[in-house]
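Sequence plus the predicted model coming up.
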Amino acid sequence: MAHDISRQFIQGLPKAELHLHVEGTLEPELKLKLAQRNHIDIGFDDVESIRNTYNFSDLPSFLDVYYEGMKTLVTEQDFYDLAWEYLLKAQENSVRHVEMFFDPQAHASRGVDIEDVLYGLLRACSDARALGVDAELIMCFLRDFSAESARLTMEAVSEFADHLIGVGLDSDEHNNPPLKFFNQFAHARELGLHVTAHADIDQKDSIEHIKQLLEVIDVERIDHGTNIVEDPDLVELAAKHGVGLTSCPISNTFCGNDTKQNEVKDLLNRGVQICINSDDPAYFGGYICDNYEVLAQSGVFSREDIIELAKNSFRMSWISNERKTLYLQEIDAYVAHWDETHA
Ligand code: HPA
Ligand code: ZN
C-alpha cells in the first residue's frame, strides 16, 4: 500500500498549475448566477440545461461555448467571483502556485472595461494568499484577432505590466501562426514579462507552429505542444533549452482523440520538462487532481513519474529558484510522511 497512487495521495501532493484559463473555470452554477445578477438572457434558467451546452468535439466547437459563457462576465465583482471560485478549488487540489491565463480582448471587444477585468482578478489573487495559494496572471493574446488588436491590448495594459507575470497566446490556431505576433512577444519581453504560447493538439500546422515558437519566438514554455514527438530534432531542442510543456489530459480527450498519455510519458523519458494541468476545468469536467488521476489510472505512469510531474510543475513555473527549492522540499516531505503513515 505504501507505493500506491491513490486519489488521496494525488489530492495532497503539492502542485503548481501553469495552464489554466480563468474564463474556463466558469461553472454552470456561476454562469446562471451572473446572468441573473446582470440581467443577461442566456436562453436558459436552470443549471442542468447550461451544463448540457458544455459539450464539444474539437477546439472550435469548444471555443464557441467558451466565448458564449463570457457574456455573463461584466463587472469587477464578476471577475473577482470567477477567480475566487477557482482559487477555492485550487486550495482543495493542493495547488500552491498558479499562473492563470486571462483573455482581455474577449472582454474589451464586448465593451467591458479592461480595468474592471484586471482589478477583479488581481483582488482575488491577492486574497488567495489567505488560502495558501500564490496566484499570478498571464495575459493571453487571441490569435484569431489581428496583430494590431494585440498591439493595442498590450498598450492598454502596459501600465499594469508589473502586476502580470507573462503573456500567452490562445484561441483558434487554424491559420494563425505564432509569427503573426512576433512584435508583441518582443514588446512583452522588453516589459520584463515571461513568454508562453499555445500549440494546440493535432492542428493543421502543429509542427511548423512549434518550430516557430522554439526557433524564432524563443518561448519559455509551450501550452499543450505534445505533437512535438513527431519531430525528434524539436524534442531535442526543447530538452536542451529547458522549454517545458503544459499538458492537459482531460482537455486532450475533447480537442484530440485521447489523453496523450503515451506522448507525455515519452517526453518525460526523453528529458523534456512536462507538467499536468486542467486547462478549462468547468468545461472539460475535471480540476487538476482529476487530470493527475486519469494519468495515474492509465497504467502508463509509475508513482515516481507522477511525483516527477508535480515537481516539474514548480521547476517550470516563473518563481525564484529559492522558492522552487522550498516547494520541491515540500513534495519530498509530503511523500516521506505519506510512506511513514501508510506503511
Ligand atoms: N486552446 C486554445 N484556446 C483556448 C484554450 C485552449 O486550450 N482554452 C481556452 N482558450
Ligand atoms: Zn489552454
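Yep, that arrived. Ligands and ions are numbered 1, 2, ... in the order given.

and the stretch 201-343 of the chain, which of its residues are near ligand 1?
Residues of the stretch 201-343 of the chain lying near ligand 1 by CB under 6 Å from any ligand atom: 251, 279-280. Using the backbone N, CA and C atoms, a C-beta is placed for each residue, glycine as well.

Mind putting the residues you listed into CSV with pLDDT, secondary structure and distance to residue 157?
Shown next, in CSV, are these (pLDDT from 0 to 100; DSSP: H, G, I helix; E, B strand; the rest coil; distance: CB to CB, whole Å):
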residue, pLDDT, secondary structure, distance to residue 157
251, 97, helix, 26
279, 98, strand, 23
280, 98, coil, 22
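
now the closest residue to residue 213 other than its chain neighbours, what's its secondary structure?
Computed as CB to CB, 6 or more residues apart in numbering, the closest residue to residue 213 that is not its neighbour in sequence is residue 219, at 4.8 Å. Under DSSP: H, G, I helix; E, B strand; the rest coil, residue 219 falls in the coil class.

do the same with the one 10 residues further on
Three-state call for residue 229 (three-state DSSP): helix.

OK, contacts around it?
Residue 229 is in contact with 235, 263, 266-267, counting by CB atoms under 8 Å, 6 or more residues apart in numbering.

Quick check, residue 180 in contact with residue 142.
No. With contact defined as CB atoms under 8 Å, residue 180 does not count as touching residue 142 (11.2 Å).

ranges for the strands of the stretch 201-343 of the chain?
Assigned by DSSP state E, counting those that start in this stretch, the strands in the stretch 201-343 of the chain fall at 221-224, 244-247, 274-276.

could you dump those to JSON lines with mean neighbour count, distance to residue 213 and mean pLDDT?
Formatted as JSON lines, the strands of the stretch 201-343 of the chain follow (neighbours: other CB atoms under 10 Å; distance: least, CB to CB, whole Å; pLDDT from 0 to 100):
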{"stretch": "strand 221-224", "mean neighbour count": "28", "distance to residue 213": "6", "mean pLDDT": "98"}
{"stretch": "strand 244-247", "mean neighbour count": "26", "distance to residue 213": "11", "mean pLDDT": "98"}
{"stretch": "strand 274-276", "mean neighbour count": "27", "distance to residue 213": "15", "mean pLDDT": "98"}
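
which of residue 180 and residue 142 has more neighbours?
residue 142 (21 against 18; other CB atoms under 10 Å).
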